[in-house]
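Enquirer: sequence and predicted structure are below.
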Amino acid sequence: MIETLDDLDVEGTTVGVRVDVNSPIADDGGLDDDARLRAHVDTLAELTDRGGRVAVLAHQGRPGGDEFVSLEPHAARLAELLDQPVEYVDATFSETARDAVRSLDDGECLVLENTRFYSEEYMEFDPDRAARTHLVTGLAPVLDAYVNDAFAAAHRSQPSLVGFPQIVPGYAGRVMEAELDVLGSIEETGSPRVYVVGGAKVSDSIDVAWSVLEKGLADHVLTAGVVGNVFLIADGVDLGDASSDFIYDQGYWDEIDRAADLLDAYGDQIALPRDVAVERDGDRYELGVNALPPRNEEAAMDVGESTLEYYGRILADAETVILNGPAGVFEEDAFERGTRELYETATDVPTSIVGGGDTASALRRLGVDGFSHVSTGGGAALRMLTAEPLPAVTALEDDPRD
């Protein structure tokens, strides 16, 4: 059983809190989107309000990428969100970092440097080995407790995610607790239960579809985006060279066979787009699947009106909908319609759950809200929906104190 903040005697306790505030970085070096920071405010505010001494651990970007930067702007924004000073420390587990943590008073908070500036943090370890890394052995001696609130990174087995609970008492933060409560009890939601799989993560989406159909969790699976295009090709539809070449270039060609197998096994429960939208003469132009392929160089960029009406009828009878991935190239105004209308329709379903990651970003961009739950994690949410274990969650469950 995972303990939560309700089980932690916070006052006077030095708490290392792992969050996921990995954010888009603006051209001026500031944060372009603070949604992930906002998600953790309740956890951090509760800990400081209850007299905890809070040291925040997080990563930003990938080595070599443009967004692989320090956490100084994150600390500045957290100070605004928490309405209290938040110190930024240009170290993670050195003596400088330990001294800064030791100097915290009750109710104070600091942000340690980007954990991925340390090479071992970008590697995967089993928990016992992670507990022997420099980061964990260096920082753990100044911590009384460890709180993992980084659900979005819970599918990874990196030192800051799985190592600390082997040495210091581990707890789930409020974000982690809520995600596990919702995504871990999908089978308890009402039916008919509809899954919408879109976007470009074709392999992951097919994994989800296989899993939920085999386990009887899904009454219907609606396909859209690149995922929908793969299923259309698997069903014998000619989408033309532009869409087919994109699928081939992305390495998804083998997924067509998997989609075909899924259609053979559960075709009566899987809904495919009935029409697609392409760009023609500078405008949006919709084609029914019987009118395909489109002209040369015209790629399927969105689902069309007939598909939206079809999917809308299925959603109208649903009690639960789980959505992952946009319906098309929503970044372009001409092709945002499918994503916007599909997700707006889903908000009328009694229980509506969004699988986080790119999907959540799309909805913020489009201004669509009103869902029962929007996950903070993309990959982690997908793992939970396929009943795959999450290493960071397992590390909290396998508390050595037990």
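Expert: Thanks, I have the structure now.
Enquirer: check which helices and strands the helix or strand of the chain with the lowest mean pLDDT sits against.
Expert: Among the secondary structure pieces of the chain, namely its helices and strands, helix 358-366 has the lowest mean (mean pLDDT, DSSP states H and E), a mean of 83. The contact analysis (3 or more C-beta pairs under 8 Å, 6 or more residues apart in numbering; DSSP states H and E) places helix 358-366 against helix 35-39, helix 337-346. Glycine gets a C-beta too; all of them are placed from N, C-alpha and C.
Enquirer: quick one, helices of the stretch 151-300 of the chain?
Expert: Remark: helices assigned in the stretch 151-300 of the chain by DSSP state H, counting those that start in this stretch are 159-162, 174-183, 202-214, 225-234, 240-249, 253-266.
Enquirer: which of the ones you listed is buried the deepest?
Expert: helix 159-162 (a mean of 30; mean count of other C-beta atoms under 10 Å).
Enquirer: now do that one: which elements does it pack against?
Expert: Helices and strands in packing contact with helix 159-162 are listed as helix 127-130, helix 134-139, helix 391-397; criterion 3+ C-beta pairs under 8 Å, 6+ apart.
Enquirer: follow-up on the earlier one: would CSV of the helices and strands packed on helix 358-366 with distance to Tyr285 be doable?
Expert: Output for those, formatted as CSV (distance: least, C-beta to C-beta, whole Å):
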stretch, distance to Tyr285
helix 35-39, 34
helix 337-346, 13
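Enquirer: deepest in the core, which of the ones you listed is it.
Expert: For the helices and strands packed on helix 358-366, the largest average neighbour count (mean count of other C-beta under 10 Å) is found in helix 337-346, namely a mean of 23.
Enquirer: name the residues that touch that one?
Expert: For helix 337-346, the external contacting residues (C-beta atoms under 8 Å, 6 or more residues apart in numbering) are 196, 198, 224, 277, 284, 302-304, 307-308, 311-312, 315-316, 321, 323, 326-328, 330, 352, 354, 362-363, 366, 368, 371.
Enquirer: cutoff 6 Å now
Expert: Surrounding helix 337-346, the residues in contact under the criterion C-beta atoms under 6 Å, 6 or more residues apart in numbering are 302-303, 308, 312, 315, 321, 323, 326-328, 330, 352, 362, 366, 368.
Enquirer: just the buried ones from these, in ChimeraX syntax?
Expert: Those of the contacts of helix 337-346 that meet the burial criterion (16 or more other C-beta atoms under 10 Å) are gathered into one ChimeraX selection, given here:
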select :302,303,308,315,321,323,326,327,328,330,352,362,368
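Enquirer: just the contacts of helix 337-346 now: which is nearest Arg77?
Expert: Top of the list for closeness to Arg77, among the contacts of helix 337-346 and by C-beta to C-beta, is Ala362 at 22.3 Å.
Enquirer: so what's the residue nearest to that closest one when sequence neighbours are not counted up against?
Expert: Once its chain neighbours are removed from consideration, Ala362 has its nearest residue in Pro326; the separation is 4.7 Å (C-beta to C-beta, 6 or more residues apart in numbering). Under the criterion of C-beta under 6 Å, 6+ apart, the neighbours of Pro326 are 198-199, 225, 339, 362.
Enquirer: ok, now Asp144?
Expert: Counted by C-beta under 6 Å, 6+ apart, Asp144 has contacts 13-14.
Enquirer: re the thing from before, take the helices of the stretch 151-300 of the chain and write them to TSV, including distance to Leu292 and mean pLDDT.
Expert: As requested, the helices of the stretch 151-300 of the chain are exported to TSV (distance: least, C-beta to C-beta, whole Å; pLDDT from 0 to 100):
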stretch	distance to Leu292	mean pLDDT
helix 159-162	45	98
helix 174-183	36	95
helix 202-214	19	93
helix 225-234	8	96
helix 240-249	7	94
helix 253-266	16	96
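Enquirer: among those helices, which comes closest to Leu382?
Expert: Closest approach to Leu382 among these is made by helix 202-214 (5.0 Å; C-beta to C-beta).
Enquirer: can you give me the buried ones in the least confident helix or strand of the chain?
Expert: 358-363.
Enquirer: one more: stretch 135-155?
Expert: The neighbour-count check on stretch 135-155 (16+ other C-beta under 10 Å) flags 135-136, 138-140, 142-155 as buried.
Enquirer: same question for stretch 118-125.
Expert: Across stretch 118-125, burial judged by 16+ other C-beta under 10 Å covers 118, 120-121, 125.
Enquirer: related to what we said a few turns ago, quick one: contacts of the least confident helix or strand of the chain?
Expert: With C-beta under 6 Å, 6+ apart as the contact definition, helix 358-366 has outside contacts at 324-326, 330, 339-340, 374.
Enquirer: same check on stretch 114-132?
Expert: Contacting residues not belonging to stretch 114-132 are listed as 57, 59-60, 70-71, 92, 133, 135, 157-160, 162-163, 166-167, 395 [C-beta under 6 Å, 6+ apart].
Enquirer: for the record, mean pLDDT for it?
Expert: For stretch 114-132, mean pLDDT rounds to 95.
Enquirer: where does this protein have low pLDDT?
Expert: Low-confidence regions of the chain, defined here as pLDDT under 70, cover residues 356, 399-402.
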